[in-house]
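Q: Got a predicted structure plus its sequence, pasted below:
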Amino acid sequence: MAFSRDDPELLLKQATDLLLAISKAAREYADKNPERYCAGVSVVLDQIMDIQYFARGFMATYASARAYNVLLTAT
């Protein structure tokens, strides 16, 4: 799915609707195949947010320097 980049509110609505649909569908299979659910969620999140940037910002506040350095070498 292509998300609207011109309208942040629409982008969030589209992403939220899709994540809810994925979550509802996952009720049927998540217990047996959690990787499928995580992959579906990741496809959406990868399109709308910079996970590495977010993780680094979070880690800078809440984690040790050693854990932060792992992020720098893992990419």
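A: That came in fine, so what should we check first? Numbers count the residues shown, from 1 in each chain.
Q: Quick check, central residue of this structure?
A: Residue closest to the average C-alpha location in the chain (Cα atoms, centre = their mean): residue 45, at 3.3 Å.
Q: For it, which residues are in contact?
A: residue 51 (Cβ atoms under 8 Å, 6 or more residues apart in numbering). The C-beta positions use only the backbone N, C-alpha and C, and glycine is treated the same way.
Q: Helix or strand: which one has it?
A: helix 34-48 (DSSP states H and E).
Q: what distance separates that helix from the middle of the whole chain?
A: 6 Å (Cα atoms, centre = their mean, to the nearest Å).
Q: go on, stretch 19-32?
A: 15 Å.
Q: now do stretch 19-36
A: That offset, for stretch 19-36, works out to 15 Å (Cα atoms, centre = their mean).
Q: Begin at 8, not 1, for the rest of this chat.
A: Right, with 8 as the first residue, what we last looked at is stretch 26-43.
Q: count of residues packed around residue 36?
A: 11 (other Cβ atoms under 10 Å).
Q: any idea how far it lies from residue 67?
A: 36 Å (Cβ to Cβ, to the nearest Å).
Q: quick one: contacts for residue 12?
A: So, once contact is read as Cβ under 8 Å, 6+ apart, residue 12 ends up touching residue 18.
Q: got a list of contacts for the longest helix along the chain?
A: Longest helix in the chain, counting residues (DSSP state H): helix 15-33. Helix 15-33 has contacts (Cβ under 8 Å, 6+ apart) with 8, 10-12, 43-44, 47-48, 51, 54-55.
Q: any weak-confidence spans in the chain?
A: 8, 66, 70-72, 74-75, 78, 80-82 (pLDDT under 70).
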